[in-house]
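Chemist: quick one, fold the following:
(2 chains)
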Amino acid sequence: MKDYDIIVVGAGPGGSIAAMEAASRGLKTVFFERGRKPGEKNSSGCGLGPRMWQDFRFMTELTPDSCPSMRAGAASRSYFVNKQGVVAGYVMARPTESVSYEPAKSFITMNVYRSDFDPWLATYATNAGAELKTSTLVTGLMREDGRVTGVIDEHGEKYRGLVIGADGVVSMVARECGLRKRWGQDHVTLIPQYDYAVDPRKIDDIMGDETLAVWWSALFPAAYHVFFHDGFHIGLGNWMTWWDKNPLSYLNQVVNLEYFKRLVRILDARPREYHVHLLPWQGTPTDTHADNVILVGDAAGVPCPLEAEGIYPAMMTGRAAAETAAEAISAGDRSKEFLDLYDRKWQQTSVGEEFKTGPELAHIWRALPFSPKETMTWFVPMIMEILGGILDWSQPHAVRVRQVMRQVKSYLPQAVPFLVKEVMPLLQAILGDKMELLTSPEKLMASMPELQEAVASAFEEKEGSS
Amino acid sequence: MKPDIDALVTRIPGSVDFIQLDSAKCNQCGRCLVVCTMNLWRKRGNKVFLANDYKSRCLECGACYQVCEADAIDFHYPSGGKGVVYERG
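Modeler: Presented below is the predicted three-dimensional model:
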């Protein structure tokens, strides 16, 4: 039996920050990693957002020396793939004029291989005095008088202390303390991905500072394409309820697109690794703590409800967990009731802010690129009709405008219910009282009298027009 | 093109079993067969079983455990230092 103040199960971003924050408060801390080093079991999130540099000052010390895979970029690309598997168009976007936070104007995401990033992050915990045990699987929780008092590793060694479960989506800690045996099938996604090796010069030449692409498609759920210093990930996912055949078969549809194969050829990219992982993706995290136990990161189900990136939420909840644990220890109260403080703490952070409209954000995303058959079959041609329809001289331009608008109108029977069902609840949640303007056609028209007239004349059938 | 996924996985072989199927609980719903990207679950007649060589092919994602509403599949990670190694994860 070894006594600690804090025992952290898992040395990913959530575990390392929890261990760092605990140790820096003078708490005797150990954290466990089942791999030979942190990061070698992760195939999950890889995007570091500008917010992280604000909340974790040491992020400025992340350099290519310590993290060779890092690659930041300011631009993203959205490909629109139609039912025939043709890239009907794409949009490249840079940070827009409404972006207020200065660093975010120069990069939208810093991408890192977790096999680089996680070991780097763990050194901040060990430098703060936390003890790291690698190649060690924690297999169970230790109980004394029926209460959880610590953990047991695969060799039967016991460690007593307050337990922070940072052990990922399939969390032993959550299971053994009775918080959750498994996720609801619509609260967790399954994500296969390939890693491709690419010469860094080719990436710079061909992609410039584009760092991220999303493939919106009527054939497969949204695929993400993320560039690193010398390679990229191409992957996709969907909720467990969605899959009707091997998820890898959908990813293979992406890599078999003619457009993707062309990109692979010009980048001279070679498949290097295959990964698959689960990822919690839900609107409202619940059951985050129990007596003497706090869950963080994926184990707590806190990845962003909109885009499911989990590194930043893991780090923020790791910090909140360590702060809560420190207060619990000094108060001599490790009960679930005292640890309710943890939820209040993380909910006050920008991670908590995301979850204020969490269910609405999660719904709209699920209804859009993750519903390829239901939504993307009309969404892709509608978007492309608007983006591409005008650049066409097959008819006089006025005729083309009418054709485009008539075609767009044909998608309204699908688009309008989508707006009412998926977009309105989100606007309602965000806008509150101001929503009235959008829900009352009279008020909207009163403020924009020319709108109704314009809409009416635009869709008007004119004799002889085609 | 269909990359050979077995050639794209690095692994440190382990000997300890980490997935167990309780056939008495299994209701043959077949979800594990669908979600395992490595095709490690099979069905013959009305009996589901796990590939004999799963320890040398499993990617430790836990999808089979997660998807099994009948609670027939138990999953724990392989021993520390063993199993899948992602060098570009």
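Chemist: from here on, just use CA atoms for contacts and neighbour counts.
Modeler: Noted.
Chemist: any idea which residue is closest to the centre of chain B?
Modeler: B:Cys58 (4.8 Å; Cα atoms, centre = their mean).
Chemist: SS state for it?
Modeler: coil (DSSP: H, G, I helix; E, B strand; the rest coil).
Chemist: please enumerate the strands of chain B.
Modeler: Using DSSP state E, the strands found in chain B span residues B:10-12, B:19-21, B:41-44, B:47-50, B:73-75, B:83-85.
Chemist: and these: which comes nearest A:Leu236?
Modeler: Of all those, strand B:83-85 sits nearest to A:Leu236, with 20.2 Å by Cα to Cα.
Chemist: circling back to that earlier point, the residue nearest to the centre of chain B is in contact with B:Met38, isn't it?
Modeler: Yes - counting by Cα atoms under 8 Å, B:Cys58 touches B:Met38, with 6.9 Å between them.
Chemist: which residues of chain B lie near chain A?
Modeler: Within chain B, the residues that sit near chain A (Cα under 8 Å from any Cα of the partner chain) are B:1-3, B:5, B:8-9, B:34-37, B:59-63, B:65-67, B:76-82, B:84-89.
Chemist: just to revisit the earlier point, just say which of the strands of chain B is most tucked in.
Modeler: Among the strands of chain B, the stretch with the highest mean neighbour count (mean count of other Cα atoms under 10 Å in any protein chain shown) is strand B:83-85, at a mean of 24.
Chemist: from the contact counts, what lies against it?
Modeler: strand B:10-12 (3 or more Cα pairs under 8 Å, 6 or more residues apart in numbering or on different chains; DSSP states H and E).
Chemist: packing partners of the strand it packs on?
Modeler: strand B:83-85.
Chemist: now restrict the residues of chain B next to chain A to buried residues only.
Modeler: B:5, B:8-9, B:34-37, B:59-63, B:65-67, B:76-82, B:84-89 (16 or more other Cα atoms under 10 Å in any protein chain shown).
Chemist: give me the contacts around stretch A:132-152.
Modeler: With Cα atoms under 8 Å, 6 or more residues apart in numbering or on different chains as the test, stretch A:132-152 has contacts from A:7, A:9, A:30-38, A:126, A:153-154, A:158-163, A:172-173, A:176-177, A:291-293, B:76-82.
Chemist: wait, B:Gly62 touches A:Leu278, no?
Modeler: Yes - B:Gly62 is in contact with A:Leu278 according to Cα under 8 Å; the separation is 7.3 Å.
Chemist: now do the strands in the stretch 101-250 of chain A.
Modeler: Assigned by DSSP state E, counting those that start in this stretch, the strands in the stretch 101-250 of chain A fall at A:109-111, A:131-133, A:138-144, A:147-153, A:158-165, A:188-197, A:210-217, A:223-228, A:231-236, A:238-239.
Chemist: next up, the contacts around the residue nearest to the centre of chain B.
Modeler: B:38, B:40, B:84.
Chemist: for B:Phe75, see how far away it is.
Modeler: 11 Å (Cα to Cα, to the nearest Å).
Chemist: may I see the strands of chain B arranged in a markdown table, with mean pLDDT as well?
Modeler: As requested, the strands of chain B are arranged in a markdown table below (pLDDT from 0 to 100):
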| stretch | mean pLDDT |
| --- | --- |
| strand B:10-12 | 95 |
| strand B:19-21 | 98 |
| strand B:41-44 | 96 |
| strand B:47-50 | 96 |
| strand B:73-75 | 97 |
| strand B:83-85 | 96 |
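Chemist: okay, the angle between the biggest helix by length in chain A and strand A:158-165?
Modeler: As assigned by DSSP state H, the longest helix anywhere in chain A is helix A:311-331. Taking axes from the mean of the first three to the mean of the last three Cα atoms, to 10 degrees, one finds that helix A:311-331 is oriented at 130 degrees with respect to strand A:158-165.
Chemist: packing partners for helix A:311-331?
Modeler: helix A:13-24, strand A:47-48, helix A:336-347.
Chemist: pull out the buried residues from the helix or strand following the second one.
Modeler: As assigned by DSSP states H and E, the chain's next helix or strand after strand A:47-48 is helix A:51-55. Neighbour counts using 16+ other Cα under 10 Å place A:Met52 of helix A:51-55 among the buried residues.
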